[in-house]
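A.B. asks: Need the 3D shape of this:
(2 chains)
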Amino acid sequence: MPKTWRSTAVIVAITLLTFVFVPYIYNNQFLLFNMMMYMALALGLNIIYGYTGYLPFGYVGFFGAGAYGGALAITFLHWSPYLAVIVGGGAAVLVGMILIPLFRLSGAYFSIANLAAAEALYYIVANPHLESITQGPYGISLPQVYDPNGAYWTMLFILLFALVLSGFIRGSRFGLALAAIRENPLSASMSGVNVVKLRSISWLLSALVAGLAGATFGWYISVFYPETVFGLGIGVFTIVFVLFGGIGTVLGPIVGTLILYGAYNYIGISTPQYFQLVYGLIIVLLVLFLPNGLVSLAKRRGIDVP
Amino acid sequence: MSPEAPILEVEGLKKHFGGLKALDGVSFSIHPGEILGLAGPNGSGKTTCINAISGVFRVDGGQIRYLGQPIQHLPAYRRVRHGINRTFQVPRPFLGLTVLENVMVAATYRGGRNVNPRHILEDIGLAEHADRPARSLNSSQQKMLGLARALATHPRLLLVDEIGAGLNPVELSSMAERLRSYAEQGMALLVVEHLMDFLDRVTDRLLVMDAGNTLFSGKLQQATEDSRVIEAFLGG
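C.D. replies: Residues are numbered from 1 along each chain as shown, chains lettered A, B, ... in the order given. Sure, this is the predicted structure:
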């Protein structure tokens, strides 16, 4: 068994215990829920960005697609929220499939086109002409399934799923091929790697995680508007968390979210007037002195980071 | 198939980039165990030829037959799994991966039985650098790594794009010996090169290209006496 798989098992265990027992001593469930959500999103983004090298600025589009996919399954099909979460994941995968042609672009062009695609999806969902389906700009309300505890445990499950998935990929031959694609797609295909297929799989897995998280988020808050779940801020936060922790690792996105999202809430409560200043400074210092994230500190000392 | 049958037949290959005809009806064939040299002035279509055979792009006309089967519609990775591989003029290693991982990718995804990447690194002389990132290799080591990656897929046809450039005389003659030994084991090689002395030592037969066409086919000595070849290289 690869070393990465064993270290991932340890991370999974610690994460599980943390989010099971912290609620007993810290009762801000919404913050813990959001923490898990951003950790899952960061891991999901890392599959396409960290492992394969494509940075989707519009990653939030999958999150929104998941939230709306889940909400529609609850509203129109009267499905249980657990099934609706799976529908949300499926909706995001569907959007991911539609966006696969974006891979004809590379680098910043891919990122920008993906941002445009997410905005387009937002405007489609928020369109007043679709009021009979999506409620347009008036938002979704799901009082019939309101169950914050159920959503909390579901999000924990999704986070653990994202962790196991990330760890498995990293230690597998699939992960090795993704790394090859990231480093040099032409040499990867000259090594017998089916670049188009493997890249698409990693893209859809990445979309799946965001869709599951989005649907669970919609269920948890139970009242939301298009701008709540398609807000670009969610995507930007996720990207910054991944970069801060260290891309391409399993631990990086978790640690990055823990510290930065923790700091975000701490500063936001204690000294909200300095929040943007402090946050901005952290990001500037990160880009200047630690472009490969926190985990690079350990790597520099020869410590292998899963 | 019989030993006389060619492993690769290229017929009337055409490729244009906008108005430029990079390949304008090139035809040739290579037999197992043969080393075919490909020479010609800059921009004559040598690398385009390798790109076409290895599947970097689709050709605009003509046929590429490998072991008798047309392959011009196959994506590059499928051609690799069938036994065609290449090196790059400018090495393209997976810079962020270790030397061993570079070869491991090819050994893992070649399809078919497993190849031990460490054995390949020993053969190519990079075993002591196995755990270093490819980024830290110098340029001739990166060239060797590119060759190792190609060999890890067990090619039956190897397309070698200017592997001699930048090698010192000692490295050059060991490279010549190396390529000859691959041919003796039955591999077919297409060797693109500017260094005439190297071509003379390595190849059985030489093809001279100019402006997307083959000008000459035969022995190097004859080529140097051929008026069309002299004109192409020196400008008549």
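
A.B. asks: do you know how far A:Ile282 is from A:Val236?
C.D. replies: 14 Å (CB to CB, to the nearest Å). For every residue, glycine as well, the C-beta is placed using N, CA and C.

A.B. asks: Between those two, point out the one with more neighbours.
C.D. replies: More crowded of A:Ile282 and A:Val236, by other CB atoms under 10 Å in any protein chain shown: A:Ile282, with 17 against 13.

A.B. asks: how distant is stretch A:147-154 from the center of its chain?
C.D. replies: Here stretch A:147-154 shows a centroid-to-chain-centroid distance of 18 Å under the convention CA atoms, centre = their mean, to the nearest Å.

A.B. asks: try stretch B:110-123
C.D. replies: Using CA atoms, centre = their mean, the offset of stretch B:110-123 from its chain centre is 19 Å.

A.B. asks: end-to-end on it?
C.D. replies: Stretch B:110-123 stretches 19 Å from its first residue to its last (CA to CA, to the nearest Å).

A.B. asks: How many residues are close by A:Ile269?
C.D. replies: With other CB under 10 Å as criterion, A:Ile269 counts 11.

A.B. asks: and it, what is it in contact with?
C.D. replies: The contact partners of A:Ile269, taken as CB atoms under 8 Å, 6 or more residues apart in numbering or on different chains, number zero.

A.B. asks: three-state assignment of it?
C.D. replies: helix (DSSP: H, G, I helix; E, B strand; the rest coil).

A.B. asks: For it, give its distance to A:Ala263.
C.D. replies: 11 Å.

A.B. asks: same question, B:Glu4
C.D. replies: From B:Glu4 to A:Ala263 the distance is 74 Å (CB to CB).

A.B. asks: So between these two, which is more surrounded?
C.D. replies: A:Ala263 (15 against 7).

A.B. asks: The more buried one reaches A:Ile282, doesn't it?
C.D. replies: Yes. With contact defined as CB atoms under 8 Å, A:Ala263 and A:Ile282 form a contacting pair (7.1 Å).

A.B. asks: which residue sits closest to the residue positioned nearest the centre of chain B, ignoring its sequence neighbours?
C.D. replies: Residue closest to the average C-alpha location in chain B (CA atoms, centre = their mean): B:Leu159, at 1.6 Å. Distances taken as CB to CB, 6 or more residues apart in numbering or on different chains put B:Arg86 closest to B:Leu159, at 3.9 Å, once the chain neighbours are dropped.

A.B. asks: surely the one you found meets B:Ser54?
C.D. replies: Yes. The pair B:Arg86 / B:Ser54 is scored as a contact, 4.5 Å apart, by CB under 8 Å.

A.B. asks: Residues in contact with stretch B:114-124: which ones?
C.D. replies: B:99-100, B:103-104, B:106-108, B:127, B:129-130, B:144-145, B:147-148, B:151-154.

A.B. asks: Hmm, I typed the wrong one, I wanted stretch A:242-258.
C.D. replies: A:4, A:7-8, A:11, A:15, A:35, A:38-39, A:42-43, A:45-46, A:49-51, A:163, A:166-167, A:170, A:179, A:182, A:240-241, A:259-260, A:282, A:286, A:292-296, A:305-306.

A.B. asks: mind running it again at 6 Å?
C.D. replies: Outside of stretch A:242-258, the residues within contact range by CB atoms under 6 Å, 6 or more residues apart in numbering or on different chains are A:8, A:38-39, A:42-43, A:45-46, A:50, A:166-167, A:170, A:241, A:260, A:286, A:292-296, A:305-306.

A.B. asks: then that stretch to PDB, C-alphas only?
C.D. replies: Taking Å, rounded to 0.1, in the frame of the first residue of the first chain, the C-alpha atoms of stretch A:242-258 are listed here in PDB:
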ATOM      1  CA  VAL A 242      -5.800  25.600  -1.600                       C
ATOM      2  CA  LEU A 243      -2.900  27.900  -2.500                       C
ATOM      3  CA  PHE A 244      -2.200  28.800   1.100                       C
ATOM      4  CA  GLY A 245      -2.100  25.200   2.200                       C
ATOM      5  CA  GLY A 246      -0.200  23.900  -0.800                       C
ATOM      6  CA  ILE A 247      -1.500  22.600  -4.100                       C
ATOM      7  CA  GLY A 248      -1.200  19.000  -5.200                       C
ATOM      8  CA  THR A 249      -1.200  17.500  -1.700                       C
ATOM      9  CA  VAL A 250      -4.000  15.900   0.400                       C
ATOM     10  CA  LEU A 251      -3.000  17.800   3.600                       C
ATOM     11  CA  GLY A 252      -2.500  21.200   2.100                       C
ATOM     12  CA  PRO A 253      -6.100  22.100   1.300                       C
ATOM     13  CA  ILE A 254      -7.200  20.900   4.800                       C
ATOM     14  CA  VAL A 255      -4.600  22.900   6.600                       C
ATOM     15  CA  GLY A 256      -5.000  26.000   4.400                       C
ATOM     16  CA  THR A 257      -8.800  26.100   5.000                       C
ATOM     17  CA  LEU A 258      -8.400  25.400   8.700                       C
END
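
A.B. asks: Residue numbers of chain B in contact with chain A?
C.D. replies: B:76-77, B:80-81, B:92, B:94-97, B:105-106, B:108-110, B:153 (CB under 6 Å from any CB of the partner chain).

A.B. asks: Tell me the one of those residues nearest B:Thr224?
C.D. replies: Proximity of the residues of chain B next to chain A to B:Thr224 (CB to CB) peaks at B:Arg92, which lies at 33.2 Å.

A.B. asks: what about the residue nearest to the closest one when sequence neighbours are not counted, neighbour count?
C.D. replies: Of all residues not flanking B:Arg92 in the chain, A:Ser187 sits nearest, at 4.6 Å (CB to CB, 6+ apart). Neighbour count of A:Ser187, defined by other CB under 10 Å: 23.

A.B. asks: What's the per-residue pLDDT of A:Ser187 here?
C.D. replies: pLDDT for A:Ser187: 97.

A.B. asks: go on, A:Tyr123?
C.D. replies: 97.

A.B. asks: so where's the stretch 151-300 of chain A uncertain?
C.D. replies: For the stretch 151-300 of chain A, not a single residue meets the criterion pLDDT under 70.

A.B. asks: Quick one: the helices in it, in order.
C.D. replies: A:173-183, A:185-189, A:195-221, A:226-229, A:232-245, A:251-270, A:275-289, A:295-300 (DSSP state H, counting those that start in this stretch).

A.B. asks: now the ones you listed in CSV, with distance to B:Arg135?
C.D. replies: Shown next, in CSV, are the helices of the stretch 151-300 of chain A (distance: least, CB to CB, whole Å):
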stretch, distance to B:Arg135
helix A:173-183, 10
helix A:185-189, 14
helix A:195-221, 21
helix A:226-229, 41
helix A:232-245, 21
helix A:251-270, 20
helix A:275-289, 21
helix A:295-300, 14
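
A.B. asks: so of these, which one's packed in deepest?
C.D. replies: helix A:195-221 (a mean of 25; mean count of other CB atoms under 10 Å in any protein chain shown).

A.B. asks: can you pull up the bridge partners for the residue nearest to B:Lys46 when sequence neighbours are not counted?
C.D. replies: Of all residues not flanking B:Lys46 in the chain, B:Val192 sits nearest, at 4.5 Å (CB to CB, 6+ apart). Per DSSP bridges, the residues bridged to B:Val192 are B:Leu38, B:Asp161.
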